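> Kindly return the folded structure for what I paste below:
(2 chains)
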Amino acid sequence: MLSENERRAIEHEVERAPAPSAACIEALKVVQRERRWISDEAVKGVAEILGMSPEEVDGVATFYNLLYRRPVGRHVILLCDSVSCWIVGYHDVLAALRERLGIDFGETTADDRFTLLPMACLGACDHAPVLMIDEDTHRSVTPERLDQILTSYD
Amino acid sequence: MTERPLTDRIPADGSALDLRGYERAGGYQGLRRALGEMSPDDVREAVSEARLRGRGGAGFPTGKKWSFVPDSDREADGSPRPRYLIANADEMEPGTFKDRLLMEGDPHQLLEGMAIAAYAVGASQAYVFLRWAYRECERILERAIGEAKDAGYLGTNILGSGFDLSIDVHVSAGRYICGEETALLNSLEGKRAIPRAKPPFPPVSGLWGKPTIVQNVETLCNLPHIVRHGAQWYLDLSLADDGGTKVYGVSGTVRRPGAWELPLGTSARELIEDCAGGMKQGRELRGFLPGGASTDFVTPDHIDVAMDFRALQDAGSRLGTGTVIVLDNATCPVSVMLALERFFARESCGWCTPCRDGLPWVEKTLVAIEEGRGQPEDLEHLAQHAKILGSAITYCALAPGAVAPLGSALRAFGDDFERHVKEKRCPYGGRT
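Alright, predicted model coming up:
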């Protein structure tokens, strides 16, 4: 079930919202901040606080691609696969990631270090190809630079 | 010398301009003028006269949008009817990176624009709906909002005028569809971001059923300058019928990808050849998407087209977000179409059957063609999908936008598609 911390943070969001259900996305973000992903149990816990059914909450949780309903690793790599990156080097970066990490999209490395996900245009197309790791945006990524980028994430 | 009111204050070192720097450069003079000398009606009139059209993709005239807000601040049953203003900062149109630049470089310009818009439409609560991926923007905007509050540009009784405004940043949890204004409203209400049936349109019934104006970041950034310098000055900035400058961009296989603020109506040639330095060594231009992924391909014989609303429509495309994506002769057009349609298929919210089922079908067909498994009838099926999905049978414009590049690619690069099917392989090496 939810921790005391999560419960308090969610109740704070509810107080700020015009209706408890309006805090649904924020509540799910609270849970994800605490435990990296949102389990079935957590969905039930959030639903209880918001006075919604678990199915309603799950409807919201499964809609947004940055709310994770499956476990993710310590670091999430979001690789832009939109058109500008696609034209100037996305495939090389993807191949290098697959080779270095041994995972494909939707997978997590065995040591729980990285999860790899595709991402819509990251809005840095003048420095394509682009990827994000956690909250950091990396521009003009090349297979050569990739090793150095990855080292800074334990 | 070209005037660049939207971008000329952005520090060259990549930092964000703070309040002091913004004020020194004339910042908040527009808001001061609006609150001190103009009625909300005067502001609306000035913006209509300036012929400001939305910079988010649809190009709707801003003054007209504002005119749909009902006059009364009471519902029919006498209950209060608050109004809301929302800055749409959910920039996620593939190939588009202009709003990020404006927010990261000059956040107060957006806040001042929001304050002027809120005054014009009578809103006292505003939100910035920001995509999660723009982490730096969130920090910069929060800091700027704090500065503006301390200086009395936000909060209660702003500049002694009696006008109140609070601005909150809402960080989204993903999905391109949130950029569609009614999907955005549902998301802000904590729901799945599914577009609403229209009418009623948001200016009449938006957030929590109240009148709501949703406006793109760049659009809002124009307002301080219109109010400060007047409609005629703003019209004179432009080479086209509509007013202002435009933050254009070019990405793809050009020498110097980037973004530049230029008069509205600057030619695609000037952007691609002068600003972006032309095509990379050994590459030739085969076509370009003038304003993001949801616009029709334009072929090189139209490179002199003026990048404005009307001229691009006449050329069979749209200005969209004004950020050009360039296709060169060494890149497979089928593969590029696949990248575009995979994006749209993934980002469909799933509410309307033609979009939910049609786009994955288009994607699968493109994969088959790119991998040399295409059948001769596939091309006709793709063309049919482009036509059907483009004909406004869905709640929102995602599907019509998705097939804009498809229909035009089939016309412009039809030989390439046919060759893939005939030779049962991709002549460019095949990229899925």
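
> use CA for all of it now, contacts and neighbours both
Will do.

> okay, which residue of chain A is out on the far edge from center?
Largest separation from the mean C-alpha position in chain A: residue A:18, at 26.8 Å (C-alpha atoms, centre = their mean).

> Is that one in a helix, a strand, or coil?
Counting by DSSP: H, G, I helix; E, B strand; the rest coil, the backbone at residue A:18 sits in coil.

> count of residues packed around residue B:378?
Per other C-alpha atoms under 10 Å in any protein chain shown, the neighbour tally for residue B:378 reads 18.

> just checking, it touches residue B:363?
No. Here residue B:378 does not reach residue B:363: they are 11.7 Å apart, not a contact under C-alpha atoms under 8 Å.

> Please parse chain A into its domains.
Domain segmentation of chain A under automatic domain parsing yields A:4-61, A:75-151.

> Could I get those in a markdown table, plus columns for distance to chain B and mean pLDDT?
Converted to a markdown table, the domains of chain A look like this (distance: least, C-alpha to the nearest C-alpha, whole Å; pLDDT from 0 to 100):
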| stretch | distance to chain B | mean pLDDT |
| --- | --- | --- |
| domain A:4-61 | 4 | 96 |
| domain A:75-151 | 4 | 97 |
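
> Of these, which is nearest residue B:384?
Distance to residue B:384, taken as C-alpha to C-alpha, is lowest for domain A:75-151 among the domains of chain A, at 23.1 Å.

> how about the residues of the stretch 251-400 of chain B near chain A?
Counting by C-alpha under 8 Å from any C-alpha of the partner chain, the positions of the stretch 251-400 of chain B adjacent to chain A are B:251-253, B:256-259, B:293, B:325, B:327, B:331, B:336, B:339-340, B:343.

> Just the ones of these in helices?
Counting by DSSP state H, those place B:336, B:339, B:340, B:343 in helices.

> Could you measure from the last one over to residue B:92?
Counting by C-alpha to C-alpha, to the nearest Å, the separation of residue B:343 from residue B:92 is 11 Å.

> list the residues that contact both of the two?
Each of residue A:120 lies in contact with both residue B:343 and residue B:92 under the rule C-alpha atoms under 8 Å, 6 or more residues apart in numbering or on different chains.

> can you give me the strands for the stretch 301-432 of chain B?
Here the stretch 301-432 of chain B has its strands, by DSSP state E, counting those that start in this stretch, at B:323-328.

> now swap in the stretch 1-150 of chain B and tell me
B:84-89, B:125-130.

> and if you look at chain A?
Assigned by DSSP state E, chain A shows strands spanning A:75-80, A:114-119, A:131-133, A:136-138.

> Mean neighbour count for those strands - can I get that in a markdown table?
Putting those into a markdown table (neighbours: other C-alpha atoms under 10 Å in any protein chain shown) gives the following:
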| stretch | mean neighbour count |
| --- | --- |
| strand A:75-80 | 22 |
| strand A:114-119 | 22 |
| strand A:131-133 | 21 |
| strand A:136-138 | 16 |
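
> I'd like to know which of the ones you listed is closest to residue B:76.
Closest to residue B:76 of the strands of chain A, according to C-alpha to C-alpha: strand A:114-119, at 45.2 Å.

> centre of the chain versus the closest one, how much separation?
8 Å (C-alpha atoms, centre = their mean, to the nearest Å).

> Quick one: work out the angle between that strand and strand A:75-80.
If you take axes from the mean of the first three to the mean of the last three C-alpha atoms, to 10 degrees, strand A:114-119 sits at 30 degrees to strand A:75-80.

> The residue in the stretch 101-250 of chain B that chain A sits nearest to: what secondary structure?
When distances are taken as C-alpha to the nearest C-alpha, the stretch 101-250 of chain B reaches nearest to chain A at residue B:190, 4.2 Å away. State at residue B:190, reduced to three classes by three-state DSSP: coil.

> Same question for the one 10 residues further on.
Each residue gets one of three states, and residue B:200 gets coil by three-state DSSP.

> and the gap between it and residue B:212?
The separation that residue B:200 has from residue B:212, given C-alpha to C-alpha, amounts to 11 Å.

> Which of those two has more residues huddled nearby?
The residue with more neighbours, out of residue B:200 and residue B:212, is residue B:212; 28 against 12, by other C-alpha under 10 Å.

> quick one, what contacts the more buried one?
B:69, B:83, B:84, B:85, B:86, B:202, B:203, B:204, B:205, B:206.

> Over to residue B:272?
B:250, B:254, B:278, B:279.

> Can you get me the start-to-end distance on stretch B:263-283?
Note: stretch B:263-283 ends 28 Å apart using C-alpha to C-alpha.

> what is the mean pLDDT for it?
Mean per-residue pLDDT for stretch B:263-283: 98.

> And it, how far out from the chain middle?
21 Å.

> picking up where we left off before, what would the domains of chain A look like in JSON lines with distance to residue B:409?
JSON lines is the format used below for these (distance: least, C-alpha to C-alpha, whole Å):
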{"stretch": "domain A:4-61", "distance to residue B:409": "36"}
{"stretch": "domain A:75-151", "distance to residue B:409": "14"}
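
> For the spatially closest residue to residue B:25 that is not a sequence neighbour, give me phi and psi.
Nearest non-adjacent residue to residue B:25, counting by C-alpha to C-alpha, 6 or more residues apart in numbering or on different chains: residue B:9, 7.2 Å away. Per-residue torsions, residue B:9: phi -90, psi -10 (degrees, to the nearest 10).

> these two touch, right, residue B:9 and residue B:19?
No. Using C-alpha under 8 Å as the test, residue B:9 is too far from residue B:19 to be in contact (11.7 Å).

> Just give me the neighbour total for the residue nearest to residue B:136 when sequence neighbours are not counted.
The shortest distance from residue B:136 to any non-neighbouring residue, by C-alpha to C-alpha, 6+ apart, is to residue B:104 (7.1 Å). Number of residues near residue B:104 (other C-alpha under 10 Å) recorded here: 21.

> Check residue B:154 too.
Residue B:154 has 23 neighbours, counted by other C-alpha under 10 Å.

> which residues touch residue A:51?
By C-alpha under 8 Å, 6+ apart, the contact list for residue A:51 reads A:20, A:21.

> Distance check, the spatially most central residue of chain A against residue B:211.
Residue closest to the mean C-alpha point of chain A, counted by C-alpha atoms, centre = their mean, is residue A:66 at 4.3 Å. Separation of residue A:66 from residue B:211 (C-alpha to C-alpha): 29 Å.

> Low-confidence regions, chain B specifically.
Within chain B, the segments meeting pLDDT under 70 span B:1-2.

> Setting aside sequence neighbours, what's the nearest residue to the most centrally placed residue in it?
Chain B has residue B:56 as the residue nearest its centroid, 2.2 Å off, counting by C-alpha atoms, centre = their mean. Using C-alpha to C-alpha, 6+ apart and skipping the chain neighbours, the partner closest in space to residue B:56 is residue B:216 (5.0 Å).

> how about the helices of the stretch 251-400 of chain B, start to end?
B:268-269, B:309-314, B:333-347, B:353-370, B:376-389, B:398-412 (DSSP state H, counting those that start in this stretch).

> need the contact list for the closest residue to residue B:276 other than its chain neighbours.
In space, and not counting its chain neighbours, residue B:276 is closest to residue B:256: 4.5 Å by C-alpha to C-alpha, 6+ apart. Going by C-alpha under 8 Å, 6+ apart, residue B:256 touches A:126, B:275, B:276, B:277, B:278.
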